[in-house]
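Visitor: Predicted model, plus sequence, below.
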Amino acid sequence: MNIKSATEELSADTHDYDIICLTETHLDHTIFDHQIFHYQNKIIFRKDQDVHGGGGLLAINDVISVEQVSCNNASNIEILLIRIYQTNTSLFHNSFLPRTIRDMKITPNAAHRQAS
């Protein structure tokens, strides 16, 4: 089952959640955000695929101050980075590594920092 065939159930099951992370959404440009959560006051961030399958989605309650963070070095990775502004700054991400990523060299212990 993918998100396209489960929008009614998804809408009912997620109404009370502030942050929702989904992978393997199988969404494309023909599916609009309001079709997924049926106007539940969610800000939707998506990373759709050009081909069948894959994809990621973050849905954030619209009372939470958020912004999408660009990730310029991740062209081969499905990744969504979201900065959430609250008392303590947090960074949430939703990512999926496609099988082709195994051919890439990934440096262990790569530098990263907390969002500010």
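Guide: Here it is on my side, so go on.

Visitor: isn't Leu22 right up against Gly56?
Guide: Yes: taking Cβ atoms under 8 Å as the definition, Leu22 is a contact partner of Gly56 at 6.7 Å. C-beta: built from backbone N, CA, C; applies to glycine.

Visitor: more neighbours, those two?
Guide: Neighbour totals were compared for Leu22 and Gly56, and Gly56 leads with 22 against 18 (other Cβ atoms under 10 Å).

Visitor: what's the next secondary structure element after the lowest-mean-pLDDT helix or strand in the chain?
Guide: When the helices and strands of the chain are scored by mean pLDDT, DSSP states H and E, helix 7-13 comes last with a mean of 58. Using DSSP states H and E, the next helix or strand after helix 7-13 towards the C-terminus is strand 19-23.

Visitor: Quick check: mean pLDDT of that following strand?
Guide: Strand 19-23 carries an average pLDDT of 84.

Visitor: and that strand, what other elements does it pack with?
Guide: Helices and strands touching strand 19-23, by 3 or more Cβ pairs under 8 Å, 6 or more residues apart in numbering; DSSP states H and E, are strand 56-61, strand 90-96.

Visitor: mean pLDDT for these: which is lowest?
Guide: strand 90-96 has the lowest average pLDDT among those, namely a mean of 61.

Visitor: Just the C-alphas of stretch 40-58, formatted as CSV.
Guide: Provided in CSV are the C-alpha atoms of stretch 40-58 (Å, rounded to 0.1, in the frame of the first residue of the first chain):
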residue,chain,number,x,y,z
GLN,A,40,-5.6,19.4,8.6
ASN,A,41,-3.6,22.6,9.1
LYS,A,42,-0.3,21.0,8.1
ILE,A,43,2.6,22.5,6.3
ILE,A,44,3.8,19.9,3.8
PHE,A,45,7.3,19.4,2.6
ARG,A,46,7.9,16.8,-0.1
LYS,A,47,10.6,15.2,-2.1
ASP,A,48,8.9,13.4,-4.9
GLN,A,49,10.6,11.2,-7.4
ASP,A,50,10.6,11.6,-11.2
VAL,A,51,10.2,7.8,-11.5
HIS,A,52,7.7,5.4,-9.9
GLY,A,53,8.4,4.8,-6.3
GLY,A,54,10.4,6.4,-3.5
GLY,A,55,9.8,9.9,-2.2
GLY,A,56,9.6,11.5,1.2
LEU,A,57,7.3,13.8,3.1
LEU,A,58,7.3,15.8,6.3
